[in-house]
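Student: missing the sequence, but the structure's below:
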Ligand SMILES: Nc1ncnc2c1ncn2[C@@H]1O[C@H](COP(=O)(O)OP(=O)(O)OP(=O)(O)O)[C@@H](O)[C@H]1O
Ligand SMILES: Cc1cn([C@H]2C[C@H](O)[C@@H](COP(=O)(O)O)O2)c(=O)[nH]c1=O
């Protein structure tokens, strides 16, 4: 049953997570499935404020551990205020990024250590992990080119990191996928958008009846 599940979308910049989630959400709501779409960092007032602090282009002095702690704090508040109450009401929550982003970006690409970042996040999530995660696989350079072309998308502090950082994020995700292979489904995000949506829809049908 798809009811009351927690499903997360992960991947590098410009992989298409938000676009696919928006298209999927319309389909699910039309089929009468009670689903909500939210994002990290953000989704509720306090966490959106933390997002603004983390992603502000002027905050170049931000220490990596501070960054990791801010993501974890935003995650905690979003979970207790929005995600868990929605799931308890039987809604399915689709979240654009979650803990795996912290493991790949802060743990691996920033060099803090995947285990260390997992440990501070364990305190934040207190055992609450996704039922299923989609990893949108794309060459990071191609993803960055997509966001450079997008007129609506303003580049944030993390987008502005150099290509070597984004390549490390991808390597970090590969380690995370190996570690959590039962939970994470890899989607080829370089395909045309309709095919990506269809691949996600098919995988959801395999895992949950709806
Ligand atoms: N499969 C696709 N093929 C071509 N362009 C795509 C595809 N998916 C998304 N795009 C385009 O790429 C851009 C980035 O997409 P989107 O914002 O959905 O990515 P994202 O994974 O949410 O990125 P970020 O995590 O950086 O916010 C948008 O302009 C979108 O229209
Ligand atoms: C949750 C989370 C996110 N990030 C990074 C990944 C992106 O660069 C930004 C979020 O922007 P988006 O347009 O919403 O994808 O934040 C991170 O480094 N660590 C995290 O835990």
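Tutor: Ah, there it is. Treat the numbers as computed from the prediction; the structure is a model and nothing was measured. Numbering: from 1, shown residues only. Ligands and ions are numbered 1, 2, ... in the order given.
Student: so residue 23 touches residue 197, yeah?
Tutor: Yes: look at residue 23 against residue 197 with C-beta atoms under 8 Å: they come within range, at 5.2 Å. Where you see a C-beta, it was placed from the backbone N, CA and C, and this is true even at glycine.
Student: Neighbour count for those two, which is higher?
Tutor: Neighbour comparison, residue 23 and residue 197: the larger count goes to residue 197, with 20 against 17 (by other C-beta atoms under 10 Å).
Student: Next up, phi/psi of that one, please.
Tutor: Taking degrees, to the nearest 10, you get phi -60, psi -40 for the backbone angles of residue 197.
Student: Report pLDDT for it.
Tutor: In this model, residue 197 is scored at 97, pLDDT.
Student: Next: residue 29.
Tutor: For residue 29, the predicted pLDDT is 86.
Student: ditto for the one 10 residues further on
Tutor: In this prediction, residue 39 carries a pLDDT score of 98.
Student: Wait, it touches residue 96, no?
Tutor: Yes: the pair residue 39 / residue 96 is scored as a contact, 4.0 Å apart, by C-beta under 8 Å.
Student: Just the helices from the chain, written as ranges.
Tutor: Along the chain, counting by DSSP state H, helices occupy 17-30, 45-55, 64-78, 84-88, 99-101, 114-125, 140-149, 163-179, 193-207.
Student: for those, which one ends up most surrounded?
Tutor: helix 99-101 (a mean of 25; mean count of other C-beta atoms under 10 Å).
Student: any residues in contact with both of residue 39 and residue 96?
Tutor: Shared contacts of residue 39 and residue 96 (C-beta atoms under 8 Å, 6 or more residues apart in numbering): residue 18.
Student: Find the nearest non-adjacent residue to residue 142, please.
Tutor: What sits nearest to residue 142 in space, not counting adjacent residues and going by C-beta to C-beta, 6 or more residues apart in numbering, is residue 190, at 6.5 Å.
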